[in-house]
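S.K.: below is the sequence, then the predicted model.
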Amino acid sequence: MKAKLKVASIILALVAITIIGYFAGCGEQRLLTSVGPTEKEEVKKQAAKDMKTVLRRRVPGDKQITNILRTKDESGISSADEEVLEESKVIFNDEHIYYDRFGRDVDGDRLSLHERKTGSGGIFSNSSSRPKITNGMYRIPAGGRKPNYSPSSRPHADGISLQKEKQLYADLRHVSADEIWVIAKAEVAVTVRDPETPGCGAMLAKLPEEEKEIPLPLKHTDVRGRISGYIATVEVTQQFHNPYDKKIEAVYVFPLPQNAAVNEFIMVIGERRIRGIIRERKEAERIYQQARSQGHVASLLTQERPNIFTQKVANIEPGKQIDINIKYFNTLAYVDGWYEFVFPMVVGPRFNPPGFTDGVGAVGRGKGGISGQKTEVQYLKPGERSGHDISLAVDINAGVAVEKITCSNHAITKTFKTKENVAVKLSSLDTIPNKDFVLRYKVTGKRVKSALVTHRDKRGGFFTLMLYPPENLSHLKRAPMEMIFVLDCSGSMSGKPIAKAKDAIRRALRKLEPDDTFQIIRFSNNASQLGPKPVPVTKDSIRKGLEYVDSLRGSGGTMMIEGIKAALDFEHDPHRFRLVSFMTDGYIGNETQILAAVHERLGESRIFSFGVGSSVNRYLLDRMAKLGRGAVAYIGLDDSAGEVVDLYYDRISHPALADVIIDWGDMQVTDVYPRHIPDLFVGRPVIITGRFSGEANTIRVSGSVGDLTQELSIGVDLDDSSHPGIACVWARKKIEDLANQAAYDQETDLPGQIKQVALNYSLMSAYTAFVAVDSSHKTAGDHGITVVVPVPVPEGVRYDTTVQY
Amino acid sequence: MKKTMLIILLSLCVIVPVLARQSDPEYPDDQPKVRFAPLHVFIDPASKSLAAFQFELKTISGQIKIVGVEGSAHAAFNEAPYYDPAALANDRIIIAAFNTASDLPETRLRIATIHLQIIGDAEPEYELDLTIAADADGKEIPAEITFETGE
């Protein structure tokens, strides 16, 4: 018996040793590589995750909920972090509960009466789904009562569940205890970091009333643009510095124009300039991580969307500065007689539909990780001021005399060097990067001629052609229209943006002609519309339409897919030309899904997208218009919505030149983008780019307007028109075309094709990245702590309804 | 029987931790060691003014990845030189630069530094060819190109 016990105890001891050995094996690996304090902190937090309970303490009468994180350790429960959150109370107002885009209850921006009473007043709901709570909360009254609903069965504004909610609320109100403990459980893994500790994913931000200098790793951004004809060459310098006594890695998510062909990346360390290398994205990320962990100064530029990029700079030593130079080319838009140069300064907060993780999360400063999205932007709270500022200068060389220059969002200074050459500078009083810089200039002459620009190098010939519609189209009248207005009523549109959009729709409604029909569709978490069928234009119907527009408010999420379905699945009137006008800021993270839906459902419709706001998602709006064979227009918060709509009506009040065919003459042309030349609307040229060989003399363009055929000729002089950026512009257009195709074609190896084009032309894309490593110097110690650069929300956008915090 | 059991258990004690090390997907052992090192390229223009150059670098043995290209300390070639992205795809790099300013170098100088990631323990062997060196008039000059590796 004793012997058996001895054997059993030996076996048990060995099993215990084996188990310990197993974990020791893993642990050793972890310790070997987990060298940074941040990582150690992460490991500790991860280990404690399952033992962590988030408790929310509600004090009756208090306007706040105290969020207490308690972590169990050997000694029992110890308080780890404590923070005060805005109250997210349940609201019982007219039997309805209102949520912001994250499912939080909000007490601002009530939905209209029409919306609240679904089905009444001629409103037809397209979706019966209610907004879901993503950060669901189990509410437990004092005494530990079991919750009577779960996050996935959030109470609806109907009978039984509402009764329960009311009962619960009543319970909460009449509890006599000092505290009510509410246990909350997040759906996504949340890593709440201490925002006041440098290196924990957030930086300190300067409050206006504070005197002390508060540091940020991104000190300054300098932008220098040169415009030649309709092509801009832009150099952006980001100055990162380290004001701490430990090494840091700076991470900054920033925007560039959606058509920027980024082809140069230089890391500047003092006087030394290291050119970054374009690599396949995963390879570049791997190289960066290895350099970072070995203590080398390194930088990595990745593309999250065609207009959103992430910059990482590793191993910035205390007191040191590292600059990053980025260079890109892009073609300017030419709209209704004006050239437009745009430089976006901040990424707007995106809405990501439930279950989507490949989006762009919008989180509060120091709340990294809570959105569950692949990319995250951290935003400063209202009243917080980023130390980061911006300078911007643009040199316009128009080739012809510049008549007028305007900049609606920013204060600028203009210096006319000659009639054709103007230097524009952003005023030193307007350096907060919280809205798009939009510079418009008009050149002399009634209209600009179609123009060809070329470039030849050892790779061959490249061209861009700005093609203008024939002038005589403006004498012809349009056919009857079926106008569909789609208004984004999500939380990010609340306030000024939705007011602008509503102004635009009102103006457009008043300009409709008797033979036209119209429809108004709104969407946020779901979609609803004015009526079930196209509404014929009468005085009475216009009045009803205006009343409907007046009743709309901004609130909830941006389920744009609902708006797309409602607008494009809508019964088509075959006797009228259908135009669908989207009025939105485009603040969504699932752009690919939306573009695929547009492609799938477009049919005979044409899409005109109107970007409304100070820093809208131009990538989405441009692509929607391109896929929808229409056009895009932007209404800034200081722009006149009426003027924009008048221009839009001018454009559509004439027929477009359709079925455009180009005879290139002696030029042998290949790889032309866009593949299908869109309709040419009056005042809206189209930029065509391609490769060529041979010589050129005259290009002939023809198209149809109803039963008529129209023709125009463009004289070409190849020696007189050269620009080195044309090859990059062409490659960027090719990538854009392949990416558009990728939205609906999953079979072809389009990512592989995009990657190859990007590598051959040294261009940024979703599948390539720039990496630069200083191999000649190794900094001491580990890789330091990671610091994310927080940014302000765009001007006119509400933090509380758009940012997760 | 007892002995067999003990041997099996002792073996497990040894094998399991080793397997644990190897099965950690985040740190696979089949990843070769990497390190970063510069390769400094020098041109001696033999008392002529150096205004333009082009050279090609490739490895004869060993595996490298180019992770940056740095310009010269001399003001005339301080700008990070351009490389041919198409050549990079074939594990070689072609670098070129020119400057027609008046203050051009005439003695041996470091013309560029190629930042490398070296994969594996073996020291790579390089082949460096000067395609051309020219003066401000575009005339070819008899320059010599050399390199030095650094750590």
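M.R.: Nice, I can see it. Residues are numbered from 1 along each chain as shown, chains lettered A, B, ... in the order given.
S.K.: now the helices for the chain?
M.R.: Just going to use chain A. A:2-33, A:37-49, A:113-116, A:159-173, A:281-293, A:496-510, A:539-551, A:560-568, A:591-601, A:618-627, A:641-652, A:726-742, A:750-760, A:799-802 (DSSP state H).
S.K.: the chain in question should be chain B.
M.R.: So, for chain B - with DSSP H - the helices run B:2-23, B:85-88.
S.K.: those: lowest mean pLDDT?
M.R.: Taking the average pLDDT of each of the helices of chain B, the minimum falls on helix B:2-23, with a mean of 57.
S.K.: just the pLDDT for the residue nearest the centre of chain B.
M.R.: Chain B has residue B:116 as the residue nearest its centroid, 3.1 Å off, counting by Cα atoms, centre = their mean. For residue B:116, the pLDDT comes out at 95.
S.K.: for residue A:654, same thing?
M.R.: Value listed for residue A:654 in the pLDDT field: 76.
S.K.: for it, which non-adjacent residue is spatially closest?
M.R.: Leaving aside its sequence neighbours, residue A:654 sits nearest to residue A:682 (Cβ to Cβ, 6 or more residues apart in numbering or on different chains; 4.6 Å). From N, CA and C alone the C-beta is placed, and that goes for glycine too.
S.K.: now residue B:121
M.R.: Using Cβ to Cβ, 6+ apart, the closest residue to residue B:121 is residue B:33 (6.4 Å).
S.K.: so who does the one you found touch?
M.R.: B:119, B:120, B:121 (Cβ atoms under 8 Å, 6 or more residues apart in numbering or on different chains).
S.K.: comparing the helices of chain A by mean pLDDT, which bottoms out?
M.R.: helix A:113-116 (a mean of 31).
S.K.: near chain B, which residues of the stretch 251-400 of chain A are found?
M.R.: Contacts of the stretch 251-400 of chain A with chain B, taken as Cβ under 8 Å from any Cβ of the partner chain, map to A:266-267, A:271-279, A:283, A:287, A:290-291, A:294, A:296, A:298.
S.K.: I misspoke; the intended subject was the stretch 701-805 of chain A.
M.R.: A:759, A:760, A:761, A:762, A:771, A:772, A:773, A:774, A:775, A:776.
S.K.: so residue A:326 makes contact with residue A:223?
M.R.: No: with contact defined as Cβ atoms under 8 Å, residue A:326 does not count as touching residue A:223 (9.9 Å).
S.K.: looking at the two now, which is surrounded by more residues?
M.R.: Comparing residue A:326 with residue A:223 by other Cβ atoms under 10 Å in any protein chain shown, the one with more neighbours is residue A:326, at 24 against 20.
S.K.: mind showing which ranges of chain A have poor pLDDT?
M.R.: A:1-215, A:445-450, A:471-474, A:718-721 (pLDDT under 70).
S.K.: return the residues in contact with residue A:357.
M.R.: Going by Cβ under 8 Å, 6+ apart, the list of residues near residue A:357 reads A:372, A:373, A:374.
S.K.: can you select the buried ones among those residues for me in ChimeraX?
M.R.: One line in ChimeraX is enough to select the buried members of the contacts of residue A:357, burial here meaning 16 or more other Cβ atoms under 10 Å in any protein chain shown:
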select /A:372,373
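S.K.: quick revisit: and for the residue nearest to residue A:654, the neighbour number?
M.R.: Residues near residue A:682, counting by other Cβ under 10 Å, number 23.
S.K.: again, but for residue A:425
M.R.: Neighbours around residue A:425, by other Cβ under 10 Å: 15.
S.K.: spatially central residue in chain A, please.
M.R.: What sits nearest the mean C-alpha location of chain A, by Cα atoms, centre = their mean, is residue A:617, with 5.0 Å.
S.K.: how about the nearest residue to it, chain neighbours excluded?
M.R.: Using Cβ to Cβ, 6+ apart, the closest residue to residue A:617 is residue A:586 (3.2 Å).
S.K.: quickly note the distance from the one you found to residue A:553.
M.R.: 19 Å (Cβ to Cβ, to the nearest Å).
S.K.: when those two are compared, which one has more neighbours?
M.R.: residue A:586 (26 against 22).
S.K.: list the contacts for the more buried one?
M.R.: A:348, A:609, A:611, A:616, A:617, A:618, A:619, A:620, A:621.
S.K.: which of the contacts of residue B:33 are buried, as a ChimeraX select command?
M.R.: Burial among these is assessed by 16+ other Cβ under 10 Å; the matching ChimeraX selection reads:
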select /B:119
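S.K.: flag whichever of the contacts of residue B:33 scores worst on pLDDT.
M.R.: Confidence-wise, residue B:121 trails the rest of these, at 87.
S.K.: could you pull up phi and psi at that residue?
M.R.: The phi/psi pair for residue B:121 (degrees, to the nearest 10) reads phi -80, psi -30.
S.K.: for residue A:287, see how far away it is.
M.R.: Taking Cβ to Cβ, one finds residue B:121 at 18 Å from residue A:287.
S.K.: next: residue A:508.
M.R.: 52 Å.
S.K.: before we move on, what about residue A:389?
M.R.: 32 Å.
S.K.: quick one: which of those two has more around it?
M.R.: residue A:287 (24 against 15).
S.K.: now the more buried one: closest residue in space, sequence neighbours ignored.
M.R.: Counting by Cβ to Cβ, 6+ apart, the residue nearest residue A:287 is residue A:771, at 5.1 Å.
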